[in-house]
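Trainee: below: sequence and its predicted model.
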Amino acid sequence: MPFDRKTPYRRRGVWVAAAIGVPALLVTALLVGQALTPSSTAPDDSNVVAADPTPSSVDQSPEESIPPAAPAPDGLPVVDYDAAPGGFPADPNTMDVTPLSDGVHPTRRIAAYDAPGGRPRAFLEPTISGVELTMPIAQRRAGWTAVLLPSANRRLVWLPPGGFETVPLRDQIVVERKVHRLTWYRAGKAVRSWKVSLGQSGQETPLGRTFILGRTPPPEEVYGGVDIYALGSVPDDPESVPSGLRGAHIGVHTWYHDGELGENTTNGCIRLTRSGQRELLAEVRPGSSVVVVDQLAAPPPTA
């Protein structure tokens, strides 16, 4: 059932969807709904990405004049937990597992553009659903900064100078779909790996780069009593998920049992053990990047 819309900072809950003819609590997977705790086309499935990413700075072009930012009309949409507005460019390096070591936190409402000196498409606020917004920096060019777009898959937004602060990001999560493995990296070095459950056929866990948007408490016992991380990504095909999950985000969460780890049983979410989830919640801050690939070229040393 959804969270109460009247609860502060909670706009839509986390739904549980049952598979046809089977009890809901035994077989369903979950997407994370619109409740956070305050504090293009899909890539080719054949992509194989290098293992053991090492830190590096985001590319910055040599000094050049900064294209001016066109004034943003007051009527532009605001990026929130609902599907992001269109018109933003694809992330050209969406399968790159190089850690993104810096993030952007808006300090006021700022306009988001489709290119350096391009067209303003939306506004970004300091928070989404009451949660502080931090987005990983994917690219810098001509004085502008590109970050991963919330509430969308494999999209960037470009920000002109001003109106945000830069924060360090030391952690990264890499998920491999073929081997059902989640690996936590710190400063480019693998720390821990866990077996995970991923999206079932037709509701596969979306490929590409995204990030941890925020956390929400578990609304149902099926989550195993551990908080959930909502990601910036959404289902690739929103119509493929049960109607109660429309508008929800992909999440990282636990389940009330571990019997389905290593299988494709979710509605797109990433499900791991309670102990693993608790460790991620304690160590990995919102804003940290998450990359979903089919399989790394070599397994991480923790595997």
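Mentor: That came through fine. Just so it is clear, the structure is predicted and the values come from calculations on it, not from any experiment. Numbering: from 1, shown residues only.

Trainee: the bottom helix or strand of the protein by mean pLDDT?
Mentor: Within the chain, confidence by mean pLDDT, DSSP states H and E is lowest for helix 24-27 among all helices and strands, at a mean of 30.

Trainee: what packs against the lengthiest strand in the chain?
Mentor: Identified as the longest strand of the chain according to DSSP state E is strand 208-216. Strand 208-216 sits against strand 131-132, strand 135-141, strand 144-148, strand 228-231, strand 289-293, with contacts defined as 3 or more Cβ pairs under 8 Å, 6 or more residues apart in numbering; DSSP states H and E. Bear in mind the C-beta positions are built from the backbone N, C-alpha and C, glycine included.

Trainee: tell me where the protein has helices.
Mentor: 24-27, 274-283 (DSSP state H).

Trainee: please identify the most buried of those.
Mentor: helix 274-283 (a mean of 16; mean count of other Cβ atoms under 10 Å).

Trainee: tell me the angle that one makes with strand 208-216.
Mentor: 90 degrees (axes from the mean of the first three to the mean of the last three Cα atoms, to 10 degrees).

Trainee: from the contact counts, what lies against helix 274-283?
Mentor: strand 181-186, strand 189-195, strand 228-231, strand 251-253.

Trainee: to Val290, which of these lies closest?
Mentor: Of all these, strand 228-231 sits nearest to Val290, with 5.9 Å by Cβ to Cβ.

Trainee: how many neighbours does the nearest residue to Ala142 once chain neighbours are set aside have?
Mentor: In space, and not counting its chain neighbours, Ala142 is closest to Pro116: 4.7 Å by Cβ to Cβ, 6 or more residues apart in numbering. Using other Cβ atoms under 10 Å, Pro116 has 22 other residues around it.

Trainee: with the one 10 residues further on instead?
Mentor: When neighbours are defined as other Cβ under 10 Å, Pro126 has 17 of them.

Trainee: confidence score at the residue in the chain sticking out farthest from the centre?
Mentor: In the chain, Ser65 marks the outermost C-alpha relative to the chain mean, sitting 32.4 Å out by Cα atoms, centre = their mean. Per-residue confidence (pLDDT) for Ser65: 88.
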